[in-house]
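*Asks:* Starting from these lines, generate the structure:
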Amino acid sequence: MLEYVHFVRKNIRFLGFGYFTAFISTFGQTFYIAMYSGELRETFNLSHGEFANVYAIGTLSSGLLLIWLGKLIDRIDLRFYSILLCFGMAFACMFMSFAEGVVMLTVAIFLLRIAGQGLLSQAATVTMARYFDDYSRGRAVSLAALGFPSGQAIFPATSVLVLLLLPWRDVWFISAIILIILIPPILLWLLKGHGARHEKFLVTAQRTEKFDAKDKRRQWTRKQVLKDKRFFLAMMAMMSTAFVITGLNFHQVHLTEVKGWDLSFYASCFVIYAIFQVAMSVVTGMLVDRYGALTLTPFYMLPMICSTFVLAYFDASATVIAFMAMAGITGGATATIISTVWAELYGVLHLGSIKAMVAGIQVIASALGPAVFGWLIDSDIGIESISFACGIYSLLGCVLLAALFKPRLLIFWKL
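*Replies:* Sure, this is the predicted structure:
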């Protein structure tokens, strides 16, 4: 633990940049937008399924664009890139506040998703994985990823209170003003001295590329990754977390109505999700630095699988606590593993381009979750059946990851 504290003190500013970009990405995260789903459906006269379709179109479009746009982080100075993202997020919030009609709502969701869920989230994790070495990368990513649960702990509960005082459009307008005035100076301060850091990174990466040609973990390009079957098979499994958790939390209003839970109680339980996510993120960072991300990939989704089965079979209010706790454990592990595993497999020189593909697929999965769940809900399929099916899908994903990266583990699966 003392080593962890020393690591934080030594890199406090740059770790703060990763944390802060992850934190402000909350404006474009599903769980936050979903807090306004009741107001949005009422304002635009949409059913659960119709709103899910609007959300899916906006999110799917952002995911497809992210695959191309996300590679810019490999080419643009991080300081300038961060300011662009800030203004992009502010514009998205402003657009949401003035949205009129379903078309403008779809565009607003697209802008929020590409800026928040896409580019800001990518910037937070890619920078940590890129500029730290194999012995500290896990800790760096896990500490930066704490910005995600911090947003989950603060934003939902705050939005419930703010909506009691202000119309939903005013909330998004004020958010845009904050993003324009307050956030850019903070990011630039956190990135002080980044020019020297980037020069050091380039020298190290080029030396590795030149002298470690026999290393299987060479600096892969995106074209080379696209020819690797392991990438697509692994993503089929890893996208389940975005698909399942996003789908369930997007329909949290319907979920609470069916289960007889109070929505404010459900929203307050995001704090529990955040606590377990924070704890697991820190633990996973240390485990990754010690054992490697590839070793952990077959296991990190198991708590989420348990959470879906709990949701499928129990209705008591305490179910929310159990669901949030177990889902939070997987959430904390996911942010670290899904960022570091590609650095272990493919190197860090082109990590922005590679992670853009990963983030794009995740965003697409997060678009499909709400749409598929919405269609099933409109078709009178119970939320319990949906949760059970999600658990089975994720369990099969764990088996696939074991087969890809740790085939010896299949002996235990067979037992």
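*Asks:* who's in contact with Pro149?
*Replies:* If you count contacts by CB atoms under 8 Å, 6 or more residues apart in numbering, Pro149 has them with Tyr273, Ala274, Ile275, Gln277, Val278, Ser281, Gly328, Gly331, Gly332. All C-beta atoms are positioned from the backbone trio N, CA, C, and that covers glycine.
*Asks:* so which of these comes closest to His6?
*Replies:* Of all the contacts of Pro149, His6 sits closest to Ser281, with 18.8 Å by CB to CB.
*Asks:* Relative to Gly18, how far out is the closest one?
*Replies:* Ser281 sits 12 Å away from Gly18, taking CB to CB, to the nearest Å as the criterion.
*Asks:* ditto for Leu72
*Replies:* Counting by CB to CB, the separation of Leu72 from Gly18 is 18 Å.
*Asks:* The two: who's more crowded?
*Replies:* Ranked by neighbour count (other CB atoms under 10 Å), Leu72 and Gly18 place Gly18 first, with 28 against 14.
*Asks:* and the closest residue to the more buried one other than its chain neighbours, how many residues sit next to it?
*Replies:* Excluding the flanking residues, the one nearest Gly18 by CB to CB, 6 or more residues apart in numbering is Ala144, at 2.7 Å. Neighbours of Ala144 under the rule other CB under 10 Å: 32.
*Asks:* With the one 3 residues further on instead?
*Replies:* Counted by other CB under 10 Å, the residues lying close to Gly147 total 26.
*Asks:* Kindly report the same for Gln122.
*Replies:* Neighbour count of Gln122, defined by other CB under 10 Å: 27.
*Asks:* Need the nearest residue in space to it, chain neighbours excluded.
*Replies:* Closest to Gln122 by CB to CB, 6+ apart is Ala359, at 4.8 Å.
*Asks:* which ones are touching the one you found?
*Replies:* Counting by CB under 8 Å, 6+ apart, Ala359 makes contact with Gly63, Leu66, Gly70, Gly118, Ser121, Gln122.
*Asks:* quick one: which of the residues you listed sit in helices?
*Replies:* Residues of those located in helices (DSSP state H): Gly63, Leu66, Ser121, Gln122.
*Asks:* hang on, the earlier thing: from Val160, how far off is the residue nearest to Gly18?
*Replies:* For Ala144, the distance to Val160 equals 27 Å [CB to CB].
*Asks:* Just give the number of residues close to Trp375.
*Replies:* By other CB under 10 Å, 15 other residues sit near Trp375.
*Asks:* surely it meets Gly49?
*Replies:* Yes - Trp375 is within contact range of Gly49, at 5.7 Å (criterion: CB atoms under 8 Å).
*Asks:* so which strand or helix has the residue nearest to Gln122?
*Replies:* helix 351-378 (DSSP states H and E).
*Asks:* That helix: what's the following helix or strand?
*Replies:* Defined by DSSP H and E, the subsequent element after helix 351-378 is helix 383-405.
*Asks:* Setting the sequence-adjacent residues aside, check what's closest to Ser281.
*Replies:* Leaving out its chain neighbours, the residue that sits closest to Ser281 by CB to CB, 6+ apart is Gly332, at 3.9 Å.
*Asks:* what about the strands in the chain?
*Replies:* Taking DSSP state E, the chain contains no strands at all.
*Asks:* per-residue pLDDT, the residue nearest to Gly18?
*Replies:* Ala144 is assigned 88 on the pLDDT scale.
*Asks:* Also Arg41?
*Replies:* 90.
*Asks:* separation between the closest residue to Leu143 other than its chain neighbours and Ala279?
*Replies:* Closest residue in space to Leu143, ignoring its immediate chain neighbours: Leu15 at 5.1 Å, by CB to CB, 6+ apart. Applying CB to CB, one obtains 18 Å for the distance of Leu15 from Ala279.
*Asks:* Of these two, which one has the most company?
*Replies:* Leu15 (22 against 14).
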